[in-house]
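Undergrad: my questions are about this predicted structure, shown below with the sequence.
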Amino acid sequence: MSTPPLRCAVIGVGHLGKWHAAKYAQLPDTELVAVVDSNAATAQEIASQHGCDAVLDHRNLLGKVDAVSIATPTTLHYAIARDFLDVGCHVLLEKPITTTIEEAEALNQLAEERGVVLQVGHLERFNAALQRLMENPLNPRFIECHRLAPFKPRATDVSVVLDLMIHDIDIILDLVDSPLTEVRASGASILTHDIDIANARLEFADGCVANVTSSRVSTKSERRMRIFQPHGYASVDFQNRILAVHHLGDDDPGTGVPEIDSEEWAFDASDALLVEIQSFVGAVRGEHPVVVSGRAGQRALEAATQITDLVYANLNVLTRAANRSTAGDDE
């Protein structure tokens, strides 16, 4: 007996949500029932492309779908996800999970009580290069990350920490099997009134340290992570899907110094969003655990919030110092 397709919907079909809709529409084991957007023209346009209903209010779908993707602005995540989780609907929620830790905790508790899947859309977890790296056990001692991008007005509703850095935070917290013990951070506002560039140092109980830099005001794009561990290191180029692994080999007969053995894998362009949604559907069907659970999303938000608060605190100190200096000059 064949399994009926999952009845799915996408809430928010703007820049990212429209791609969620396209993936559900193409999968053989899902039925895109509807798309929801507060902009009627946008909802109708995407619905027409996929032959589904256009809906203006997500509440009209409660109890009528099995699973949803929520790709609205972050400020709306909590209220919408809560409504669907409460009626037993599985939720794929774009990152960051919510605006506050309290909201994230409430959603996770609700999902656990209702026995439904809550997955967070940390898309970089489905990058082919990272997935290949994760096939073998890792023992990170030092991690260095650079995630740089030119300025784009679209994502300025949140700081660079929640927009870009949170990708690396999520991956680091998954790689390092040890509690986070200390965070240091600094940053600056360049083109917006929020944090546009930030650096954070994360220290873990097992001695591992991660240094993370993110910028949305760079002249180039770069998404790279280096993981140093005993006797070798790995480099993940997320942007070009390249994994390079370097490790100690045999001693050189002439010098007695160990040789460095290197391997590199370049992966073809793949549809990470499609893989993410397929993984979500598989988790809903009980085929495997959730790759990026709501708890993982909350953990990343907690660290990102701590980093953000530290950056704001440091900026306030600098502002007060500058004001004092100006006042002194005036005198």
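TA: Yep, that arrived. Numbers count the residues shown, from 1 in each chain.
Undergrad: how about Ala129: what's its closest non-neighbour residue?
TA: With sequence-adjacent residues excluded and distances taken as CB to CB, 6 or more residues apart in numbering, Ala129 is closest to Leu243, at 4.2 Å. Where you see a C-beta, it was placed from the backbone N, CA and C, and this is true even at glycine.
Undergrad: specify the beta-bridge partners of the one you found.
TA: Each beta-bridge partner of Leu243 is listed here, defined by DSSP bridges: Val236, Trp265.
Undergrad: just give me the neighbour total for it.
TA: Using other CB atoms under 10 Å, Leu243 is surrounded by 21 other residues.
Undergrad: what do you get for the one 4 residues further on?
TA: His247 has 16 neighbouring residues, counting by other CB under 10 Å.
Undergrad: swap in Gly286?
TA: So Gly286, with other CB under 10 Å, has 8 neighbours.
Undergrad: hang on, the earlier thing: how much space between the residue nearest to Ala129 and Arg132?
TA: When distances are taken as CB to CB, to the nearest Å, Leu243 and Arg132 turn out to be 5 Å apart.
Undergrad: show me the shaky parts of the stretch 51-200 of the chain.
TA: Applying pLDDT under 70 to the predicted model, the residue ranges of the stretch 51-200 of the chain that meet it are 154-157.
Undergrad: quick one: the strands in the stretch 151-300 of the chain, in order.
TA: Assigned by DSSP state E, counting those that start in this stretch, the strands in the stretch 151-300 of the chain fall at 180-188, 197-204, 209-215, 222-229, 232-237, 242-251, 258-266.
Undergrad: tell me who's in contact with the residue nearest to Ala129.
TA: Counting by CB atoms under 8 Å, 6 or more residues apart in numbering, Leu243 touches 129-130, 132-133, 234-237, 264-265, 267.
Undergrad: show me what contacts Leu138?
TA: Contacts were defined as CB under 8 Å, 6+ apart; by that measure Leu138 touches 175, 227, 229, 234.
Undergrad: 10 Å instead, please
TA: Residues counted as contacts of Leu138 (CB atoms under 10 Å, 6 or more residues apart in numbering) are 175-177, 227, 229, 234.
Undergrad: again, but for Ile277
TA: Per CB under 10 Å, 6+ apart, neighbours of Ile277: 8, 19-20, 22-24, 26-27, 30, 67, 69, 92, 119, 121, 126, 271.
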